[in-house]
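Peer 1: Output the structure for:
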Amino acid sequence: MDNHVEILLVEDNPNDVELTLHAFKRNNLANTVHVARDGAEALDYIFAEGEYSGRDVNHKPRLILLDLKLPKVDGLQVLRRLKSDSRTQSIPVVVLTTSREERDLIESYSLGVNSYIVKPVDFDQFSEATRVIGLYWMLLNESPV
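Peer 2: Numbering: from 1, shown residues only. This next block holds a predicted model:
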């Protein structure tokens, strides 16, 4: 199954997870999405450590959707580790967060994020934003991953 993961969704809010998965499914944008509920789990998954130690580290997601405000390890720390490792630095990372803080935006881009999107609070707008993200990153974007 791991070799078929197209999107790694790193999100601790169950409502946002459900909305995102629903939007992807409704729009046929990703066959397999793996959800990591905190930053530590995301890093374990990506680097095949901890409970994911049996996973093939060479099977990388095509896209990582990353919340910044996460338990255990925050999103900026996850991003820093991803972009500093030659094995994972080319994986496209889209920050999808509620943070409108300028320092989060600036640090995300300085660490190499590919896109920074503030989550809309309206259900329809959130669903549309997720659809557009999936359309661009999964269907239109050419990625080396």
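Peer 1: Could I get the full set of helices for the chain?
Peer 2: Listed from the start of the chain, the chain has helices (DSSP state H) covering 14-26, 39-46, 75-84, 102-111, 123-134.
Peer 1: So which residue is dead centre in this protein?
Peer 2: Ranked by distance to the mean C-alpha position of the chain (CA atoms, centre = their mean), the top residue is residue 65 at 1.8 Å.
Peer 1: hey, what's that residue bridged with?
Peer 2: Beta-bridge partners recorded for residue 65 (DSSP bridges): residue 9, residue 94.
Peer 1: re the thing from before, deepest-packed of the helices of the chain, please.
Peer 2: When neighbours are counted by mean count of other CB atoms under 10 Å, the highest per-stretch mean among these falls to helix 39-46, a mean of 22. Quick note: C-beta positions are derived from backbone N, CA and C, even for glycine.
Peer 1: List the contacts of the residue nearest to the centre of the chain.
Peer 2: Listed by CB atoms under 8 Å, 6 or more residues apart in numbering, the contact set of residue 65 reads 7, 8, 9, 10, 11, 20, 94, 96, 133.
Peer 1: redo that, cut-off 10 Å
Peer 2: 7-11, 16, 20, 24, 33, 35, 92-97, 115, 117, 130, 133-134, 137 (CB atoms under 10 Å, 6 or more residues apart in numbering).
Peer 1: again, but for residue 73
Peer 2: 10, 38, 39, 40, 41, 42, 43, 44, 80, 81.
Peer 1: hmm, 8 Å instead?
Peer 2: When contacts are counted by CB under 8 Å, 6+ apart, residue 73 touches 38, 39, 40, 42, 43.
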